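Student: Output the structure for:
(2 chains)
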There are 2 protein chains.
Amino acid sequence: MAVKKDTRWKQLDAILNEVRSYYNAIGKMEFDMQCCAPPEGMEPAGQDMAVLGTHVHKLTHSKKYVNLLTSLHEDPTGLDEVQKRAIDVMWFHYQRSKNQTPKFAFEMSKAFNTAYGKWLEAKQTSDFSIFRDSLEDVVKWTRKSIELMDEQPSTLYNGCLDGFERGGSEKQLDAFFAALKKRIVPLIKKIQKEGAPVREDFLNRPCPVAEQEQCSRWVLEKECLRQSALVLMTTEHPFTTSFGPHDVRVTTHYYEDAFLSSIFSTLHEGGHALFMQNEPEEFVKNHNDGNMSNAMHECISRFYENIIGRSRAFIHFIYPELCRISPSVMDGVSEEELYRGINIARPSLIRTEADELTYSLHILIRYEIEKELINGRMKVDEVPAAWNAKYKEYLGVDVPDDAHGCLQDVHWTMSFGYFPSYALGNAYGAQILNTMQKEFDVFGDVEKGDLSKVLAWLKENVFACAGMLDPDAWIKKITGESLNVKYYLDYLEKKYSEIYKLK
Amino acid sequence: MAVKKDTRWKQLDAILNEVRSYYNAIGKMEFDMQCCAPPEGMEPAGQDMAVLGTHVHKLTHSKKYVNLLTSLHEDPTGLDEVQKRAIDVMWFHYQRSKNQTPKFAFEMSKAFNTAYGKWLEAKQTSDFSIFRDSLEDVVKWTRKSIELMDEQPSTLYNGCLDGFERGGSEKQLDAFFAALKKRIVPLIKKIQKEGAPVREDFLNRPCPVAEQEQCSRWVLEKECLRQSALVLMTTEHPFTTSFGPHDVRVTTHYYEDAFLSSIFSTLHEGGHALFMQNEPEEFVKNHNDGNMSNAMHECISRFYENIIGRSRAFIHFIYPELCRISPSVMDGVSEEELYRGINIARPSLIRTEADELTYSLHILIRYEIEKELINGRMKVDEVPAAWNAKYKEYLGVDVPDDAHGCLQDVHWTMSFGYFPSYALGNAYGAQILNTMQKEFDVFGDVEKGDLSKVLAWLKENVFACAGMLDPDAWIKKITGESLNVKYYLDYLEKKYSEIYKLK
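Tutor: Numbers count the residues shown, from 1 in each chain, chains lettered A, B, ... in the order given. Down below sits the predicted model:
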């Protein structure tokens, strides 16, 4: 099919607008599954989503689409930079999926969509056997989808990683995690041996859900989120999703006996939401929105959760408000005790509740297991035992049951290769903070509860180029160098040495 | 296109399964709009829904679909009775929409989908001008869609009515409402003149939302709804929707100063939900589910809300539970006072809060206005004044603002011709009760809180034939005669004469 040059983008744009509506529909059905649907509704919903997914597959693999995309990829005359990047990313994804037949896409989508309901039931009853078959299916389909690609990655798991972080590989991550382990493990041991005790009796005081929700809403406002384009709901596993910058959804989970959990979870998801609400308008207009890598996204969410949220400055700011909203929980707790309490460094069972110091070890465990699963060196039945053994080995904790073990995270109902993004995000965050602090007094603002300059800086320096660049080029543009794990490790060492009064 | 007889149904079934998935997707987006979406998300969501709606339009107007449908309609050889009925209903709807182009369907769908957000904003600020243009659009598209039909109805509004109640007409409704007015208006006057006073001070005692929600959940259980296929949420305007019998959603609205409102609203929506959960399996399998008329649906919802819910027997049953859940609201209120209080007959402003006696007059007002709008004899700008004048004339009340006037109901963002279904449903309900009571002691069961036999009877005698028959044939099959408004008027007269101790 011959395509006229001057109307190519316009024609593609029409298809992409239609595709966007379908993605929004599927996204809302996913959101519905997690926030609204009754148990019996899960499986049929998965079927419906697969029908729509197949239509998207058809649209994005049609002759017309492929011809337009190929033509624009080979000769981008007439496109601006944003459109060029959008084409580049579309081309990349098309290469990854072009050999999948509609039937393949439908069956894969169905397997993934039904996995969520099974996982939820398994987690709620702490019964791995309920999730087992779904997990096997998701692994199988993930492997198959990589095997179908023209250019075969050196390992199947590398094929997964590349989908989340272009240019990412096991080799890079092995080195990355080794560097983390080398300094974090001794630091944890030193804290356990010599660290000054941290008061923690108040951390599990009962706190009514209504008070926690009030805190969460307040925190989202302070994060400078546009409230008219924001929704806060509750789910088993907190997440953020969006249907364009005008409709961003944050969810959290309230535990009556862990009132701080929802605050930091909300700060984290709020970070994602800020990224989603504040991408450049021309990205949205030109189908280049959402094209940042996952580690870039997690960098921002964990920046707000930890680097800002768990800072002395932020605690100084929220302390009076917490005392006002939850006087019984805060009774007799000083600002210093709150700060040290929320930064307690202690090997634990649950990733999302982990402190900054031990967090990366939780990721390392998941990384090692999913790598083996996808590369075909571990069977799904071996997952619970492998999980428990690694928690014992790296964190020294005993896993009491699978709900607190390998069933805790939702991720393996959707994808493999995502977990490393969290750890990479942490490291990016510390490196970006280092640059940001050279330009203005970040924590001076945080202490006053004014996060507007932080957001403005991120918009200009981080969000505006995130969708335009691959991870390495992106962090270089922001900070002047490639990912350097030293910033993150220095940050951790300084922070925890001070908290634990280490010599 | 030639179609092989023996595979016709199978081929159509494949298309209809796809269509069903799209309807479920659109339905969930509508549900999302009402239960979750932030203000800025409304308009873009309407656009997305229109894209999916256009695809459904294409599927149900494709050559293949039309050929299969026409062939099966002309020669139903090989179809069972349920499939024949499904084809008949599909044919009917196809006749109504077959001349609509995809562009027409898209534009119409967009106008309807954006109307909801405008209405909500208008209602919340009591500013009719915000909704005005959308209302005009919805009227315009409704009129256009009727004008496009091959067989023109005698009036455009008759074309609307036929879509909800096959065979329904202004002529039938004019006579129906005249009969209601003739006996209800004098009864209201008599009550106002001679009725024994009803205690009402407790009706607006403040009641926390949490207590009301507890009551609502309890009521839904008592109604015999399958909880694993049910969801209860809150919205501005209560409604029920379903995505098959395995996923039924009920919403309600809690007013802190009107604790009984949510109970009866929940009973009402629960009635709809029962119908949705309990259609025969072969209807669902053969694409004949949801083919009951709207008055049939409202008959069941108002049966549970009023005939059961506001009966002396049901009040006897729930009285102790209400006292347990909300002791402060029920403090010093006797069972008799509760019964009379919830049945207080008094002309009022809000349809959904109206008592059984004045309810039909609320419907009459909407009927008269929408008839004039669709038939082109009233302009949208005249609606607020017409509304207020009719409330003064028929109910003797002054409308303070449009939020409590013509903006109170969501219906005109979606359709015209629906309102009469409520009044028809009331009348069907009393006629069905009369038959049911001949077969077992209905209120004996209700008094014990056992609604299982009521549901079993409805399933066998009402739900099983609702999707198979037009309204007149349906009520004849159940009760042995056509709609006879006498049962309803006798029921009202007996009930209210006793409550108000009329001579």
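Student: and chain A, what are its domains?
Tutor: Per automatic domain parsing, the structural domains of chain A span A:5-79+A:100-129, A:170-499.
Student: the longest helix in chain A is where?
Tutor: As assigned by DSSP state H, the longest helix anywhere in chain A is helix A:8-35.
Student: Which elements pack onto that helix?
Tutor: Helices and strands touching helix A:8-35, by 3 or more Cβ pairs under 8 Å, 6 or more residues apart in numbering or on different chains; DSSP states H and E, are helix A:42-59, helix A:63-74, helix A:102-125, strand A:240-242, strand A:248-252, helix B:8-35, helix B:42-59. Yep, even glycine has a C-beta here, placed from its N, CA and C like the rest.
Student: Would you indicate which residues of the fourth one are buried?
Tutor: The reference is to strand A:240-242. Across strand A:240-242, burial judged by 16 or more other Cβ atoms under 10 Å in any protein chain shown covers A:240, A:241, A:242.
Student: And the second one, by the same measure?
Tutor: Burial within helix A:63-74, assessed by neighbour count using 16+ other Cβ under 10 Å, is assigned to A:65, A:67, A:68, A:69, A:71, A:72, A:73.
Student: pretty sure the first one contacts residue A:59?
Tutor: Yes - here residue A:65 reaches residue A:59: they are 6.4 Å apart, a contact under Cβ atoms under 8 Å.
Student: which residues do these two both contact?
Tutor: Shared contacts of residue A:65 and residue A:59 (Cβ atoms under 8 Å, 6 or more residues apart in numbering or on different chains): residue A:15.
Student: For the residue nearest the centre of chain A, which non-adjacent residue is spatially closest?
Tutor: In chain A, the centroid-proximal residue (Cα atoms, centre = their mean) is residue A:298; its distance is 4.7 Å. Nearest non-adjacent residue to residue A:298, counting by Cβ to Cβ, 6 or more residues apart in numbering or on different chains: residue A:425, 3.1 Å away.
Student: Which helix or which strand is home to that neighbour?
Tutor: Residue A:425 belongs to helix A:420-439 when assigned by DSSP states H and E.
Student: ditto for residue A:188
Tutor: Counting by DSSP H and E, residue A:188 is found in helix A:170-194.
Student: Tell me the residues of the stretch 101-250 of chain A that contact chain B?
Tutor: A:226-231, A:233, A:243-244, A:246-249 (Cβ under 8 Å from any Cβ of the partner chain).
Student: Give the helix, strand or coil label for residue A:238.
Tutor: Using DSSP: H, G, I helix; E, B strand; the rest coil, the structure places residue A:238 in coil.
Student: Quick check, pLDDT for it.
Tutor: The pLDDT attached to residue A:238 in the predicted structure is 91.
Student: residues near it, how many?
Tutor: 21 (other Cβ atoms under 10 Å in any protein chain shown).
Student: Is it possible to get CSV of the domains of chain A that adds distance to residue A:85?
Tutor: Shown next, in CSV, are these (distance: least, Cβ to Cβ, whole Å):
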stretch, distance to residue A:85
domain A:5-79+A:100-129, 9
domain A:170-499, 5
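Student: Nearest to residue B:171, out of those domains?
Tutor: Of all the domains of chain A, domain A:5-79+A:100-129 sits nearest to residue B:171, with 41.6 Å by Cβ to Cβ.
Student: chain center to that closest one, what's the gap?
Tutor: In terms of Cα atoms, centre = their mean, to the nearest Å, the centre of domain A:5-79+A:100-129 is found 19 Å from the chain centre.
Student: OK, contacts around the spatially closest residue to residue A:116 that is not a sequence neighbour?
Tutor: What sits nearest to residue A:116 in space, not counting adjacent residues and going by Cβ to Cβ, 6+ apart, is residue A:413, at 4.7 Å. By Cβ under 8 Å, 6+ apart, the residues touching residue A:413 are A:112, A:115, A:116, A:118, A:119, A:134, A:138.
Student: Skip ahead from whichever strand or helix holds residue A:369 and say which helix or strand is next.
Tutor: If you go by DSSP H and E, residue A:369 is part of helix A:356-374. As assigned by DSSP H and E, the chain's next helix or strand after helix A:356-374 is helix A:383-390.
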